[in-house]
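Peer 1: Dropping a prediction and its sequence here:
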Amino acid sequence: MTVDIRPATADDVAALQRVAERAWHDAHAPIIGTETTEEFLAEHYDAETFRAVIDDESRLLAVADASEGIVGFTGGGPDDDSPATFHLSRIYVDPDWWGQGVGRQLLAHLEEALREQGYEHITLGVMAENDRAIRFYESAGFDREEEFYDEAIDTTSYVYRKELAD
């Protein structure tokens, strides 16, 4: 399934929240619980946060737009410690669209944009129990670098990294 990948706009905020909520409940709530999921969504995926990310030129936020509307998104920004590294903080696809290649299209679009901007690496964090996401990242060429305890969601997570060589 091909979708249109484009920059997010302020008009997309409600759809971004819907995709985030559905994806977090399906992928993360079984690991960290519904209450923690709801708290995390309220704190990090509210409309104001999305608007701030859209308005911040140092951040990238792209959406996967299908005829049915927005079905996924990806976003992140420069790593605070390494200017050649981009930290992927968000890549979510509506669970109804899982397995249809939307995540791969979002990631490919992001990687192309990052190469054009001179980034050399992508990093990300993923919950250690999120087997689906781990398979996705590893099949896309990411390597596990370290394990850490994420206090915000009370779970063990991994840091993954990918080189953006041409």
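Peer 2: Ah, there it is.

Peer 1: For Glu111, give me its contacts.
Peer 2: 122, 162, 164 (Cβ atoms under 8 Å, 6 or more residues apart in numbering). No exception for glycine: its C-beta is placed from N, CA and C like everyone else's.

Peer 1: starting at the chain centroid, how far to the helix or strand where it lies?
Peer 2: Glu111 belongs to helix 102-116 when assigned by DSSP states H and E. Relative to its chain's centre, helix 102-116 lies at 11 Å (Cα atoms, centre = their mean, to the nearest Å).

Peer 1: Kindly export that helix (C-alpha atoms) in PDB.
Peer 2: The C-alpha atoms that make up helix 102-116 are tabulated as PDB, following Å, rounded to 0.1, in the frame of the first residue of the first chain:
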ATOM      1  CA  VAL A 102       3.500   2.200   5.900                       C
ATOM      2  CA  GLY A 103       6.200   2.100   8.600                       C
ATOM      3  CA  ARG A 104       8.900   1.200   6.000                       C
ATOM      4  CA  GLN A 105       7.700   4.100   3.700                       C
ATOM      5  CA  LEU A 106       7.900   6.500   6.600                       C
ATOM      6  CA  LEU A 107      11.400   5.300   7.600                       C
ATOM      7  CA  ALA A 108      12.700   5.400   4.000                       C
ATOM      8  CA  HIS A 109      11.400   8.900   3.600                       C
ATOM      9  CA  LEU A 110      13.000  10.000   6.900                       C
ATOM     10  CA  GLU A 111      16.300   8.400   6.000                       C
ATOM     11  CA  GLU A 112      16.400  10.200   2.700                       C
ATOM     12  CA  ALA A 113      15.600  13.500   4.200                       C
ATOM     13  CA  LEU A 114      18.300  13.000   6.900                       C
ATOM     14  CA  ARG A 115      21.000  12.100   4.400                       C
ATOM     15  CA  GLU A 116      20.100  15.300   2.400                       C
END
